[in-house]
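1. sequence and predicted structure are below.
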Amino acid sequence: MSSVAVALSDGMTIARRNLIKIKRVPDLLVFTTLSPIMFVLLFAYVFGSSISVPGVSYREFLIAGIFVQTAVFGASWTGAGLAEDIQKGIIDRFRTLPMARSAVLVGRTTSDVAINMISLVVMSLTGLVVGWRIHSSFGEAALGFALLLLFAYALSWMMAVVGLWIRSPELFNNASFIVIFPLTFIANTFVPSSNLPTPLKEIAEWNPISAITQALRELFGNTNPLLPAPDAWPLRHSVLMSLVWTAIFLLIFVPLAIRRYRKAVSR
């Protein structure tokens, strides 16, 4: 068996171990799904009446942004889990086992995908309750969900680097919040980027979060085809830019995560 196949096999074993942990501690998953539900209800019923989106219902505009925010926060599970495993010495136990070194990272990022899938199911049901609908074909909708999961998977590798660098679950939570919170709010997740002041508007238009959010709205049919296309190039070609950002994240952070992991376990 090749080294890649061994790493994938060992990675799936680690992924199962992470998912079994959630089964034993269901509170982790409960609070992960409650947070986005709270955001949907808060924005849809509290702020929705005061936020206007030309040509489309705000609730349908909102759900794609909540999907992306949920996936981004879900990606932080990798970093938090790695920081916790290092702190508790679990990584040292893994080193004594005949397994590929990259298996821990592969398993962590893969289990994040499974967690995000569960969260997206809950979010989809919540969206349907508040009035969100998919107006595109089944294939386009499936592509939208697949694109989001792929994007979140790439972000998991970035969070892995942060978790291996900080090596403390408490500090990681604070550090990831400082990064994720402005990243998801200085974007078109909750309001159109055109509504933002000029400096923030420029940042939002080139924010990768805006690209994936716009891509989901287009693939779900939650945009008005009668309105002109966005002026910013990343938003006019949102699906392509989402794939480009995903590739950039993977090319940068997969090698960095592996290198950082080797340094962490060698101490």
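-> Everything's here; your move.
2. just the CA atoms of stretch 204-222, as PDB, please.
-> Once non-C-alpha atoms are left out, stretch 204-222 reads as follows in PDB (Å, rounded to 0.1, in the frame of the first residue of the first chain):
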ATOM      1  CA  ALA A 204     -15.700  43.300   1.300                       C
ATOM      2  CA  GLU A 205     -15.700  42.900  -2.500                       C
ATOM      3  CA  TRP A 206     -12.300  41.100  -2.400                       C
ATOM      4  CA  ASN A 207     -13.100  39.200   0.800                       C
ATOM      5  CA  PRO A 208     -13.200  35.400   0.100                       C
ATOM      6  CA  ILE A 209     -16.200  35.100   2.300                       C
ATOM      7  CA  SER A 210     -18.100  37.500  -0.100                       C
ATOM      8  CA  ALA A 211     -17.200  35.400  -3.100                       C
ATOM      9  CA  ILE A 212     -18.500  32.100  -1.600                       C
ATOM     10  CA  THR A 213     -21.600  33.800  -0.200                       C
ATOM     11  CA  GLN A 214     -22.400  35.300  -3.600                       C
ATOM     12  CA  ALA A 215     -21.800  32.000  -5.300                       C
ATOM     13  CA  LEU A 216     -24.300  30.300  -3.000                       C
ATOM     14  CA  ARG A 217     -26.900  32.900  -3.600                       C
ATOM     15  CA  GLU A 218     -26.500  32.400  -7.400                       C
ATOM     16  CA  LEU A 219     -26.500  28.600  -7.200                       C
ATOM     17  CA  PHE A 220     -29.500  28.600  -4.900                       C
ATOM     18  CA  GLY A 221     -31.400  31.100  -7.100                       C
ATOM     19  CA  ASN A 222     -31.600  33.700  -4.300                       C
END
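3. how far does it sit from its chain's centre?
-> The chain centre lies 13 Å from the centre of stretch 204-222; the measure is C-alpha atoms, centre = their mean, to the nearest Å.
4. list the buried ones in that stretch?
-> Buried residues in stretch 204-222, counted by 16 or more other C-beta atoms under 10 Å: 204-205, 207-222. For glycine as for every other residue, the C-beta is placed from the backbone atoms N, C-alpha and C.
5. any stretches of the stretch 1-150 of the chain with poor pLDDT?
-> Where the stretch 1-150 of the chain drops to pLDDT under 70, the residues are 1-32, 92, 94-101.
6. against which helices or strands is the one helix or strand Ser242 maps to packed?
-> Per DSSP states H and E, Ser242 falls inside helix 238-266. Helices and strands touching helix 238-266, by 3 or more C-beta pairs under 8 Å, 6 or more residues apart in numbering; DSSP states H and E, are helix 90-95, helix 103-130, helix 138-166, helix 208-220, helix 233-236.
7. which of those sits closest to Arg59?
-> Nearest to Arg59, of all these, is helix 103-130, at 5.4 Å by C-beta to C-beta.
8. what's downstream of the one helix or strand Glu170 maps to, the next helix or strand?
-> Assigned by DSSP H and E, Glu170 belongs to helix 169-185. Remark: after helix 169-185, the chain's next helix or strand is helix 198-206, criterion DSSP H and E.
9. what mean pLDDT does the helix holding Glu170 get?
-> Helix 169-185 shows a mean pLDDT of 82.
10. which parts of that helix count as buried, going by neighbours?
-> By 16+ other C-beta under 10 Å, the buried positions in helix 169-185 come out as 169, 172, 175-176, 180, 183-185.
11. can you check stretch 110-120 too?
-> Burial within stretch 110-120, assessed by neighbour count using 16+ other C-beta under 10 Å, is assigned to 110-113, 115-116, 119-120.
12. which one of those is nearest Arg93?
-> Checking the buried residues of stretch 110-120 against Arg93 with C-beta to C-beta, the nearest one is Ser111 at 17.8 Å.
13. hmm, Trp77 and the closest one touching each other?
-> Yes: the pair Ser111 and Trp77 qualifies as a contact (C-beta atoms under 8 Å) at a distance of 7.4 Å.
14. tell me how far the longest helix anywhere in the chain lies from the chain's centre.
-> Ranked by residue count under DSSP state H, the longest helix found in the chain is helix 58-88. Distance of helix 58-88 from the chain centroid (C-alpha atoms, centre = their mean) equals 5 Å.
15. the inter-axis angle of the helix holding Glu170 versus helix 58-88?
-> 160 degrees (axes from the mean of the first three to the mean of the last three C-alpha atoms, to 10 degrees).
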